[in-house]
Structures are given as structure tokens and as C-alpha cells.
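*Asks:* just a sequence and a predicted model for now, questions to come.
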Amino acid sequence: MKVSVTVNGTAYERDVEPRMLLAYFIRESLGLTGTHVGCDSWRCGCCVVVLDGDRAVKSCTMFAVQADGHEITTVEGLEQGGKLHPLQQAFWDCHGLQCGYCTPGMLMTSYALLKHNAKPTEPEIREAISGNLCRCTGYQNIVKSVQQAAAAEVG
Ligand code: FES
Ligand code: FES
């Protein structure tokens, strides 16, 4: 089946098997390997991408064909003109990552959160990332990172 999507501002058209998951479409058909696959079964959140500008979706829970006609933002789309997105900068500054495996999903989930709520409270941040598992950081510095990014966006 044909799939037409815009990913990080670039239009792509590909023929895919109907059963192909969006996560594998992004990684294997488009070569954007920043989107990680951890559990393949909706639990870990490291495959999160943003659909149509503000909707965080676990890309292992969607078929590629369901994304037809939509806009997708992946972690590769955050940096602009060689400058890190405020969220990426904040994760760097606040040590919001260790191994980094969960980080693309954390970034994209947080990106969608800040689109809906520019000044989230700590409980709101924790609620937003509750579907994203991190086995390294204990979450504290991830929360701090999102808080710093929110402050940077406003300030
Ligand atoms: S790979 Fe999608 S939720 Fe784990
Ligand atoms: S930084 Fe290692 S899983 Fe989150």
C-alpha cells in the first residue's frame, strides 16, 4: 500500500506492507533511527513521535498506513539550523539522560506536553511521561529538564 507522510518537514511516499508498524517505517523505510524501539508492545515509550504537531503517539502502536496524510515529527526534527531545541538543551544541561535509550521518546512526549501546556507543574510533567520508562535516571533530572525547557520557552 502507498503511504504519503511529511516527516520533519520533508514529504515522503513509500510502498509498504499493510502490517508494517510506524516505528519500523520511520526507522527502516525512512532511515530515521533516532526513534527507538524497546518493547515493541506499547509499554516503554521510547518509540514516541509527534503526530500533526502536538499529539504524542507510540509509533509501535500504529501501522504506517494509519499515518497516511499526516505530519510526523521525530527527534531528528527538534534541532533547527544546528541549534538544539530548548528541550534537548535542557536534557543536556540537567543531565536528563544516562544511556539515552529512552531519550528520544522522553523528548517527543515532553515536546507534545509543552505544546498543550507551556507551564506544566511537576505532577503534570510526571503524568505526561508516565508512559515512558527510564531504567537509568530515576526520572528526577528528566522532570528538571522539562521544567528548564518550559522556563526557557517562556523566558
Ligand atoms: S517500543 Fe513502542 S512502547 Fe516500547
Ligand atoms: S537514560 Fe537510560 S533508559 Fe533512560
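*Replies:* Looks like it came in fine. Ligands and ions are numbered 1, 2, ... in the order given.
*Asks:* how many neighbours does G31 have?
*Replies:* Residues within reach of G31, counting by other Cβ atoms under 10 Å, total 8. Any C-beta I mention is one placed from the backbone N, CA and C, and that applies to glycine too.
*Asks:* right, and T73 touches R55 too?
*Replies:* No: with contact defined as Cβ atoms under 8 Å, T73 does not reach R55; the gap is 9.9 Å.
*Asks:* the more surrounded of these two?
*Replies:* Using other Cβ under 10 Å, the more surrounded residue of T73 and R55 is T73, with 22 against 13.
*Asks:* now the more buried one: closest residue in space that isn't a chain neighbour?
*Replies:* V50 (4.2 Å; Cβ to Cβ, 6 or more residues apart in numbering).
*Asks:* is the one helix or strand the one you found maps to up against ligand 2 anywhere?
*Replies:* Assigning secondary structure by DSSP states H and E places V50 in strand 48-51. No: using Cβ under 6 Å from any ligand atom, strand 48-51 stays clear of ligand 2, coming no nearer than 12.9 Å.
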